[in-house]
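Asker: Could you look at this predicted model? Sequence included:
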Amino acid sequence: MSMTRLIPSHTPAFDATRARVRMIERLRTQGICDEKVLDAMAAIPRHLFVEKGLAFSAYDDSALPIGLQQTISQPFVVARMIEILCDERELGRTLEVGAGCGYQAAVLSLLASEVYAVERLKTLLDRARENLRPLRLPNLRLKCADGTLGLPEAAPFDTIIVAAGGVKVPPALKTQLAPEGRLLIPVGVSGQHLLLIERQGSVFKESKCDPPVRFVPLLTGIE
């Protein structure tokens, strides 16, 4: 899949394309090496996923508020998590838990064959749909659902990425991994780290990955 073109910007107040180029240059200096991941990050206009008043900060390396006490993750964390999951493999059929504003789902859609993104907050999911509509990404599906339960009707998944931090890994997510599938989730109590889980038959191999992270809590239920 070609990802060389930039999706057009619709905010004339600043040069979003140049800001994206600077973001990619910064990601390279921070150690992101996967060119497919960098291409996908360059193709998605991040400023379309934040409030208009924050558009000038959209390409800074910082998390930004998106309402309802939720945030859009900093670009480095998005790139690093996807790079870990892409390492020497295709993402394939992918589940994102915690769609938020839709930005990470959009990036994933350029790298995966199919993306199912779930969000427990209905209002936030509606915003994500609005944000994503102009991009017309045919392989991306959104659903309001309790992410701790996964999405059994679409399982199994080759890749599962969780954009919220939990004390432990929800069992449903592990069982919905396909053979040789990978799951990446922030875990921890006083501090969070990225935990990579790789399914090898009936065995689940766990690895701790850098960097340390801080995500909003992984909660149950739908609101």
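Answerer: Sure thing, it's come through.

Asker: ok, and what's touching the helix or strand harbouring Lys208?
Answerer: Element membership for Lys208 (DSSP states H and E) is strand 203-213. Judged by CB atoms under 8 Å, 6 or more residues apart in numbering, the contacts made with strand 203-213 from elsewhere in the structure are 76-77, 80, 84, 165, 174, 177, 184, 186, 191-199. Any C-beta I mention is one placed from the backbone N, CA and C, and that applies to glycine too.

Asker: cool, and stretch 151-162?
Answerer: Contact with stretch 151-162 is made by 81-82, 85, 90-98, 104, 108, 112, 116, 118, 143, 145, 147, 150, 172-173, 176-186, 218, as judged by CB under 8 Å, 6+ apart.

Asker: Tell me which of those residues fall in strands.
Answerer: 93-97, 116, 118, 143, 177-186 (DSSP state E).

Asker: ok, back up a step: filter the contacts of stretch 151-162 to the buried ones?
Answerer: Neighbour counting over the contacts of stretch 151-162 (16 or more other CB atoms under 10 Å) leaves 81-82, 85, 91-98, 104, 108, 112, 116, 118, 145, 147, 150, 173, 176-177, 181-186, 218 as the buried ones.

Asker: Quick check: the gap between Thr148 and Pro134.
Answerer: 31 Å (CB to CB, to the nearest Å).

Asker: Run through this protein and note the low-pLDDT ranges.
Answerer: The chain contains residues with pLDDT under 70 at 1-14.

Asker: try 90 this time
Answerer: 1-16, 52-53, 67-69, 166, 189-191 (pLDDT under 90).

Asker: for it, which helix is longest?
Answerer: Among the segments of the chain that qualify as a helix by DSSP state H, the longest is helix 16-29.

Asker: what comes up buried for the following helix or strand past that helix?
Answerer: Sequence-wise, the next helix or strand downstream of helix 16-29 (DSSP H and E) is helix 35-43. Along helix 35-43, these residues count as buried under the neighbour rule (16+ other CB under 10 Å): 36-43.

Asker: now for helix 35-43, which elements pack on it?
Answerer: Based on contacts counted as 3 or more CB pairs under 8 Å, 6 or more residues apart in numbering; DSSP states H and E, the elements that helix 35-43 packs against are helix 16-29, helix 75-86, helix 103-109.
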